[in-house]
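Q: everything below, folded, please.
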Amino acid sequence: MDNQLILIADGDTKNLGILKENLEASGFMVIISSNGRDAWEKIQRTPPKLILTETSLPASRNNAKFSRESARLSWAPKIILSNPFM
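A: I've put the predicted structure just below:
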C-alpha cells in the first residue's frame with residue numbers, strides 16, 4: 001500500500017501495540033503517539049492519511065491544542081477510539 005500512513009494516538013500502550021501490530025500486518029505504515037504533544041509534532045513532520053485517536057489522551061498541556069487543531073485537519077479522516085469500560 002503506497003503511502004498509507006496511519007497515526008495512532010492513544011495513552012494506553014497495550015492498545016497502541018495491538019493496533020500497530022494488526023495494521024502493519026495488513027500492509028499499512030504506522031506511527032504511534034501516547035500524548036497530544038507528540039501526536040501533533042508527528043502530524044506536522046509527516047502528515048498521515050488517517051488518524052486514530054482516543055477521546056481523552058493522557059494529561060499534557062498540548063492535548064487541548066491537539067484536539068483543537070486535529071478538528072482542522074480536513075485532509076485526514078479521523079476515527080475516534082473509545083473504551084466504554086473505563
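Q: going forward, measure contacts between C-alpha atoms and count neighbours the same way
A: Noted.
Q: is I51 in a bridge, and if so with what?
A: Per DSSP bridges, residues listed as beta-bridge partners of I51: L7, K78.
Q: test my guess that it contacts D10.
A: No: using CA atoms under 8 Å, I51 is not in contact with D10; the gap is 10.7 Å.
Q: residues contacting W75?
A: Neighbouring residues of W75 by CA atoms under 8 Å, 6 or more residues apart in numbering: K49.
Q: my read is it is in a strand, agree?
A: No: read with DSSP: H, G, I helix; E, B strand; the rest coil, W75 is coil and lies in no strand.
Q: who touches the lengthiest helix in the chain?
A: Looking across the chain with DSSP state H, the single longest helix is helix 13-25. By CA under 8 Å, 6+ apart, the list of residues contacting helix 13-25 from outside reads 8-10, 29-32, 34.
Q: what about I18, distance to E41?
A: 23 Å (CA to CA, to the nearest Å).
Q: who has more neighbours, the two?
A: E41 (13 against 10; other CA atoms under 10 Å).
Q: for that one, give its distance to G11.
A: In terms of CA to CA, E41 sits 16 Å off from G11.
Q: circling back to that earlier point, beyond the longest helix of the chain, next helix or strand please.
A: strand 29-33 (DSSP states H and E).
Q: which strands border that following strand, and is each parallel or antiparallel?
A: Sheet pairing of strand 29-33 (DSSP bridges) gives strand 5-9 (parallel).
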